[in-house]
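**Q** coordinates only, no sequence provided:
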Ligand SMILES: Cc1cc2nc3c(=O)[nH]c(=O)nc-3n(C[C@H](O)[C@H](O)[C@H](O)COP(=O)(O)OP(=O)(O)OC[C@H]3O[C@@H](n4cnc5c(N)ncnc54)[C@H](O)[C@@H]3O)c2cc1C
């Protein structure tokens, strides 16, 4: 069906876009404004497990929650994002942040084989032994090369875990931000530990997860657990990865959204200054109209573990092999009249963070595609060698450049 669709759009010279979960807020990344063809993959929802439960065959219309639910039913977990509603293929092609990346690598590193429909409608498989250059390129290279119709993906033995979620009083930032930096340092000694922080001027939420059940609170989290929270949203719990994903997947209200991504080295002082800047950026105009920083500490092992998971083939992202932090800045607005104001606040916050992180020698070049804004040059941020490879793979597998010329939008290598 998808191959037939590609041959029709190429013959007609029609614009097209590809959509899995439709969560990417960048304009025309997964939509065509009514002027072209949308490949909506939602009905490609087959999902099966290998007889030993270690590999899942995933139709690319599935969501992260579908994958987690099936893996959970056999005492394993899916390597997916934290939210059950996000599409598995868009997330995977962008790299994919996941709960235990120091043990599993990025989401994309757990794909053992991609089935892809290319621009000439042919169908190929890309894995560690066949079309290896395409296998590397797809892992971080997004929608540049073809439409992925099936992911064969490892399930993870990490099933039973420990977690807690708490909120802090925003005015306590001189306590919780340094504690976050300490926990991030502790993650280097204990790769089972991970922390995910969401901070707006109105709410500060901190989720702590540990890759096995715990009788007592894991030591790595002491700096944050020793603080007085505003509220305990989820008490310390021995549960499952799927259970945690469900807890973290609150319904998303219909809001305007715009994103921006930054990668930097960890620094308690910078985290404090960054949050002060967020507060100074202006009072929120409504409960859901605000800027939010999603702070995702990334351990030094993510890159090497990921390459190992993928049979020795590195992904395209050039993830630093030292402790660093992916930070996304999310602007949300309830009323369209606030769009310009929120867009400006997002850009101002990004400029402040970029300037000050660079000045303090903390800024890193790599941008995380799944958090990046359409105006950010994600493919070039992976470095000159990686970009040259992505361009070469695009020319080799799509000589007519269908995905560069007819696709409505994306982090396209032809624009990098
Ligand atoms: C609430 C929420 C939680 C999130 N949590 C995480 C997280 O934990 N980890 C993380 O990494 N990211 C996370 N994200 C970001 C998310 O991964 C990106 O927005 C991603 O692009 C969404 O993928 P999707 O399939 O839902 O989106 P879509 O908008 O459908 O697709 C995104 C892009 O991928 C392309 N694409 C999708 N499927 C295919 C395919 N099969 N073949 C070729 N191209 C394709 C589309 O053309 C589009 O350019 C989250 C986003 C939200 C809104």
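**A** Cool, got the structure. Fair warning: this is a prediction, and the values are worked out from it, not measured in the lab.
**Q** what residues does the stretch 151-300 of the chain have near the ligand?
**A** Selection of the stretch 151-300 of the chain residues close to the ligand by CB under 6 Å from any ligand atom yields residue 252. Every residue, glycine included, has its C-beta placed from N, CA and C.
**Q** what are the ranges of the helices in the stretch 151-300 of the chain?
**A** For the stretch 151-300 of the chain, helices defined by DSSP state H, counting those that start in this stretch occupy the ranges 173-189, 222-225, 241-248, 268-280.
**Q** now, of those helices, which is deepest in the fold?
**A** helix 241-248 (a mean of 21; mean count of other CB atoms under 10 Å).
**Q** give me the distance from that helix to the chain's centre.
**A** Relative to its parent chain, helix 241-248 has a centroid offset of 16 Å by CA atoms, centre = their mean, to the nearest Å.
**Q** what helices and strands are in contact with that helix?
**A** With contacts taken as 3 or more CB pairs under 8 Å, 6 or more residues apart in numbering; DSSP states H and E, helix 241-248 sits against helix 64-73, strand 77-78, strand 160-168.
**Q** is the first one in proximity to the ligand?
**A** No - for helix 64-73, no contact with the ligand is found by CB under 6 Å from any ligand atom; the gap never falls below 7.6 Å.
**Q** using JSON lines, lay out the helices and strands packed on helix 241-248 together with mean pLDDT.
**A** Putting these into JSON lines (pLDDT from 0 to 100) gives the following:
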{"stretch": "helix 64-73", "mean pLDDT": "97"}
{"stretch": "strand 77-78", "mean pLDDT": "98"}
{"stretch": "strand 160-168", "mean pLDDT": "98"}
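**Q** and residue 351, how many neighbours?
**A** Using other CB atoms under 10 Å, residue 351 has 11 neighbouring residues.
**Q** repeat for residue 416
**A** Count around residue 416 with other CB under 10 Å applied: 15.
**Q** show the backbone phi and psi for the residue nearest to it when sequence neighbours are not counted.
**A** Distance criterion CB to CB, 6 or more residues apart in numbering; nearest residue to residue 416, sequence neighbours excluded, is residue 379 at 4.0 Å. Note on residue 379: its backbone torsions stand at phi -60, psi -40 [degrees, to the nearest 10].
**Q** returning to that earlier point: now, of the helices and strands packed on helix 241-248, which is deepest in the fold?
**A** Ranked by mean neighbour count under mean count of other CB under 10 Å, those are led by strand 77-78, which reaches a mean of 28.
**Q** can you give the contact residues for that strand?
**A** Outside strand 77-78, the residues that touch it by CB atoms under 8 Å, 6 or more residues apart in numbering are 56, 64, 67-68, 70-71, 153, 155-156, 158-159, 240-242.
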